[in-house]
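Participant: pasted the sequence and its predicted model underneath.
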Amino acid sequence: MQVVDATTVQFAWEPPLAIDEVNIRGFLKAYQIEMFRLDDPENSLRVAPSISPSQTWVTLFNAPSNGDIGARIRIETERYLGPTSLVIQFQTREGRPGPVTNFRGVPFAGNGILLFWDPPDEPNGFIIGYQIDYRTIESIVAQPGLDQPSIVIQDPNQRSYLVGGLKPNTKYRVQVRARTIAGLSTSPAMIELTTNYSLVPSKPKFIVTYVGTTFFNVSFDPTIMPIPGSLYYVQYKENERDGESIFKRTYVVSNDRTIIVSPLEPGKTYITILVAGDGIRAETKSDSQLVTTAGKDRRPRDTDAPWFIGLLVALIILLIVLIAVCVLMTRKGGKYSALEKDIVHEDDDSKFADYNRAPSDLSMGEFDDDKRRTYLVKYGESDGFASDGQNDDQKNFSTAV
């Protein structure tokens, strides 16, 4: 067994031996292969009958996609089916989905068709969206034209769509196909409808559901209108420029129920009108409303408050003062340390507080005389100067006192 793609599988088998012909109980007419999903064998059973008895392999193209599959083979005789073989299991990849179910449509307004559908019974994978194709037809046997682009729906949960802007009183062929990652449905669901005669839409009503600084949302409900439009848009302009500017218009919607009006200026008032149209020429305008956008947030930020600015200035001044004090203390502290060091070395042996004063010129002179006398004593000349030195010492001492 070999899996080729999402729905294609090749099988091979050995024919019965000659000694098994007795157990066949008849003439071997053909082989039959059965495939089914293991989680739902009864509802997903697919049979490939009438395989030639001379064959020992076959390629089948209808295997269930995206699942765990079981397969078995049995013998066909002229009157009976033989017992099945053992079940072999394999897994298939995601494939194209089957057709959507319960597909229907109704004419809407003067030139629209409202479509409804349900998901395929055989999704064969994960549905990621749908595609709608519609064409005008001249007769029931004519094929759809090629003048309309396809409508791609990317929401897998969507179950309805309004096709608007069609021609009034015209027959259309419409088809819907589901989509998986492997592609579109193998067979589309199809209907044929004739649009209504052109009707002027009723006057629409709207509400403003949200207002921002540069936009606001306009919401409406076509189902409450006696004659709904198939297309909608919003006209708007600034109220204070009533005589100077013309109305601007937004994008056109057919299935959406909310229109975003933008870009706008903050704090401005706009004249707003909702327009319902049939997609051809008939349009009906709603009553106008004045809508004012939100203004810019002018509340002072914390960083702009006067108290915050004053606090920053005070911190800066305090920081400058601290830096200046630190510089001055560093300089003053350096000079004081050097002077203190000199005084300590000079007066290590002094026991009088007076000696802590800085030496005067007189004391410096006495210091020089002592050095000179010490020099003379060393060379034997101290006798002549001894008495004078003593007198001088006493005189200097008394003077110093």
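Facilitator: Looks like it arrived, so ask away.
Participant: could you chop the protein up by domain?
Facilitator: Using automatic domain parsing, the domains assigned to the chain come out as 2-92, 101-194, 207-292, 354-400.
Participant: format those as TSV; extra columns: mean pLDDT.
Facilitator: As requested, those are exported to TSV (pLDDT from 0 to 100):
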stretch	mean pLDDT
domain 2-92	87
domain 101-194	88
domain 207-292	90
domain 354-400	46
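Participant: wait, which of those domains is closest to I323?
Facilitator: domain 354-400 (33.9 Å; CB to CB). Just so you know, the C-beta spots here come from the backbone N, C-alpha and C atoms, and that holds for glycine as well.
Participant: so for stretch 320-333, mean pLDDT?
Facilitator: Across stretch 320-333, pLDDT averages out at 84.
Participant: run the chain-centre distance for that stretch.
Facilitator: With CA atoms, centre = their mean, to the nearest Å as the basis, stretch 320-333 stands 57 Å off its chain's centre.
Participant: next: stretch 263-276.
Facilitator: On CA atoms, centre = their mean, the centre of stretch 263-276 falls 29 Å from that of its chain.
Participant: quick check: I69 vs G98, distance?
Facilitator: Distance of I69 to G98, given as CB to CB, to the nearest Å: 16 Å.
Participant: if we can go back for a sec, redo the domains of the chain as TSV? Include mean neighbour count.
Facilitator: As requested, the domains of the chain are exported to TSV (neighbours: other CB atoms under 10 Å):
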stretch	mean neighbour count
domain 2-92	14
domain 101-194	17
domain 207-292	16
domain 354-400	11
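Participant: now tabulate the ones you listed in JSON lines and tack on distance to L315.
Facilitator: Compiled in JSON lines, these are given as follows (distance: least, CB to CB, whole Å):
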{"stretch": "domain 2-92", "distance to L315": "69"}
{"stretch": "domain 101-194", "distance to L315": "58"}
{"stretch": "domain 207-292", "distance to L315": "36"}
{"stretch": "domain 354-400", "distance to L315": "45"}
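Participant: okay, strands next: where are they in the stretch 1-150 of the chain?
Facilitator: Using DSSP state E, counting those that start in this stretch, the strands of the stretch 1-150 of the chain run over 2-3, 9-12, 30-37, 46-51, 57-60, 67-76, 88-92, 101-108, 112-118, 129-136.
Participant: need those in TSV with distance to R331, can you?
Facilitator: Formatted as TSV, the strands of the stretch 1-150 of the chain follow (distance: least, CB to CB, whole Å):
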stretch	distance to R331
strand 2-3	92
strand 9-12	97
strand 30-37	95
strand 46-51	102
strand 57-60	102
strand 67-76	90
strand 88-92	88
strand 101-108	94
strand 112-118	92
strand 129-136	82
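Participant: V275: which of these is closest?
Facilitator: strand 112-118 (15.8 Å).
Participant: local confidence estimate at K341?
Facilitator: pLDDT at K341 comes out at 50.
Participant: number the chain from 3, please
Facilitator: New numbering, starting at 3: the last item is K343.
Participant: now do the contacts for P109.
Facilitator: Residues near P109 by CB atoms under 8 Å, 6 or more residues apart in numbering: 115-116, 195-198.
Participant: tell me the bridge partners for it.
Facilitator: I115 (DSSP bridges).
Participant: what's the local residue count around the nearest residue to T172 once chain neighbours are set aside?
Facilitator: Excluding the flanking residues, the one nearest T172 by CB to CB, 6 or more residues apart in numbering is T197, at 5.4 Å. The number of residues packed near T197 is 22, by other CB atoms under 10 Å.
Participant: do the same with the one 5 residues further on
Facilitator: Using other CB under 10 Å, V202 is surrounded by 16 other residues.
Participant: what sits against the spatially closest residue to it that is not a sequence neighbour?
Facilitator: The shortest distance from V202 to any non-neighbouring residue, by CB to CB, 6+ apart, is to A284 (4.5 Å). If a contact means CB under 8 Å, 6+ apart, then A284 has 112, 200-203 as its contacts.
Participant: great, nothing more from me.
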